[in-house]
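> Just a sequence and a predicted model for now, questions to come.
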Amino acid sequence: MFTALPHRFAIMVLAFVAWGCASGLGQSSLPQTSPATPSQPARVSDSALSSPSGGEAPDQSPAGNITGIVVDASGAVIAGARVKLAREDHGKQSPDQEQLSDSDGRFSFANIAPGPFKLTVTSSGFATQVSSGILSSGQTYILQPITLLVAAAVTDVEVSLSAPQVAEAQIKDEEKQRVLGVIPNFYVTYDPHPVSLGARQKFELAWKSTVDPFNFAITGAIAGIQQADDRFRGYGQGAQGYGKRYGASFADGAIGTFIGSAILPTLLKQDPRYFYKGIGSKRSRVLYALANSVICKGDNGRWQTNYSGILGSLAAGGISNLYYPASDRNGASLTFENALIGIGATGAANVFQEFFVRRFTKNLPNPDPAKPSH
């Protein structure tokens, strides 16, 4: 009956991908790591990081994996830390590899040839940390937690903006994100260090999404399809019938957006955005995206049940009974059914976010101020 913003985005994304195949185109899953086999160490001690084990593996030896986690002195994980892998293979210098630690502070390098390696870990505000070791043939090398200490030189100049100011800056970046430069993609953050949104930012994002020109256009298309199919016959036909369908469809989206992405997230202290993962195995990313249809991050940075989105869908469905024709109003069972459909549509949209949407989104924020944005 109603069309909340996440449902609309799912429809837009599915249509977008379908068009791509034809023409050549409002959250806790944890990253997965392969468990070590019985012949592989579950954890490598500090002494193993500095002492070789075994001789050089021949060129045809099976590749291995190197994985670990980055934390600070208190044991809290550090997301977005830059991890650089350097190694020498039989006297030849192999190309360095780099990646950022994920939201749980983890990193993983796959298909690495056996031999000595060195990891250099850096993060803004922390001193550089170096770890080394020797990767055996076919081994999954699990390092002990790499602890970064606060850099004394930057302690006095680290904080220049308040958390609300940083959140406001991030919102401004997200409001520029558009798929193919047209479709708004505001409710996803690609920033590896996102700051929790305040009430002002949550309402600002809901307002910008509601009054975006594309939203008016897609609402008009939905109303036209409804009129062509003669849905909600109580509205009649002609310009008056189209106007009523347009108003009802727009109200569905606006109510769903404000309740599920602004009002309830403010009251329940939850973040309505999707936090892009972007790293890890395909399986872990799919599970992460699907889980984010029923979980979200709280303002405290912890994962929790997405009460805002679920209750927002139910509330929007109930409110729509006030303005739809009496013959077309939802019963309680249909309202719950629509909410479940909405959860599934959100999960599908999250999967597309994780694997497809980013590459077609224009004006992405630059996560590293030292590098120019593209």
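Yep, it's here. Residues are numbered from 1 along each chain as shown.

> Beyond the helix or strand of the chain with the lowest mean pLDDT, next helix or strand please.
Across the helices and strands of the chain, the lowest-confidence element by mean pLDDT, DSSP states H and E is helix 46-50, at a mean of 39. Using DSSP states H and E, the helix or strand that follows helix 46-50 in sequence is strand 64-72.

> And that following strand, what's buried?
Neighbour-count burial for strand 64-72, counted by 16 or more other CB atoms under 10 Å, picks out 64-72. Quick note: C-beta positions are derived from backbone N, CA and C, even for glycine.

> quick one: least confident of those?
Summarising pLDDT for those: the lowest-scoring member is Gly64, with 90.

> isn't that one right up against Gly133?
No. Judged on CB atoms under 8 Å, Gly64 makes no contact with Gly133 at a distance of 11.0 Å.

> Which residues are in contact with each of these two?
Tyr141 (CB atoms under 8 Å, 6 or more residues apart in numbering).

> How about the contacts made by the residue nearest to Val77 when sequence neighbours are not counted?
The shortest distance from Val77 to any non-neighbouring residue, by CB to CB, 6 or more residues apart in numbering, is to Gly105 (2.9 Å). Taking CB under 8 Å, 6+ apart, we find Gly105 in contact with 69-71, 77-79, 81.

> from these, which is closest to Ala349?
Nearest to Ala349 out of the contacts of Gly105 is Ala79 (CB to CB; 23.2 Å).

> Surely the closest one touches Arg106?
No. With contacts counted by CB under 8 Å, Ala79 stays clear of Arg106, the gap being 9.2 Å.

> Which residue, other than its chain neighbours, is closest to Ser94?
Going by CB to CB, 6+ apart, Ser94 has Arg87 as its nearest residue, at 5.3 Å.

> what's the helix or strand harbouring the one you found packed up against?
Secondary-structure assignment from DSSP H and E places Arg87 in strand 82-89. Secondary-structure packing of strand 82-89 (3 or more CB pairs under 8 Å, 6 or more residues apart in numbering; DSSP states H and E): strand 64-72, strand 97-100, strand 106-112, strand 115-122.

> one more time with 10 Å
If you count contacts as 3 or more CB pairs under 10 Å, 6 or more residues apart in numbering; DSSP states H and E, strand 82-89 packs onto strand 64-72, strand 97-100, strand 106-112, strand 115-122, strand 129-135.

> that older thread, TSV for the contacts of Gly105, including distance to Pro114?
As requested, the contacts of Gly105 are arranged in TSV below (distance: CB to CB, whole Å):
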residue	distance to Pro114
Ile69	22
Val70	24
Val71	27
Val77	29
Ile78	28
Ala79	30
Ala81	25
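
> I'd like the distance between Asp96 and Lys118.
10 Å (CB to CB, to the nearest Å).

> Can you pull the residues that touch both of the two?
Common contact partners of Asp96 and Lys118 (CB atoms under 10 Å, 6 or more residues apart in numbering): 84-87.

> Can you give the domain ranges for this protein?
Residue ranges for the domains of the chain, per automatic domain parsing: 5-29+162-362, 46-143.

> ok now the shortest one, how far from the chain's centre?
Right, the one you point to is domain 46-143. Mean-position distance between domain 46-143 and its chain equals 25 Å (CA atoms, centre = their mean, to the nearest Å).

> Going forward, count from 392.
Taking 392 as the first residue, the last one we looked at is domain 437-534.

> In the chain, where is pLDDT below threshold?
392-451, 479-484, 543-552, 721-722, 724-725, 756-765 (pLDDT under 70).

> can you pull out the helices in it?
For the chain, the helices defined by DSSP state H occupy 396-414, 437-441, 554-565, 590-601, 604-619, 629-649, 655-659, 673-682, 698-711, 723-743, 749-751.

> Nearest to Ile537, out of these?
helix 437-441 (10.2 Å).

> Let me see the contact set for Phe558.
In this structure residue 558 is Ala, not Phe. Per CB under 10 Å, 6+ apart, neighbours of Ala558: 552, 585-589, 591-593, 595.

> which among those end up buried?
Here, 16+ other CB under 10 Å leaves 585-589, 592-593, 595 buried among those.

> nearest to Ala682, of the residues you listed?
Pro585 (17.8 Å).

> so Phe500 touches Asn456, yeah?
Yes. Between Phe500 and Asn456 there is a contact under CB atoms under 10 Å: 6.6 Å.

> which residues do these two both contact?
With CB under 10 Å, 6+ apart, Phe500 and Asn456 have common neighbours 526, 532.
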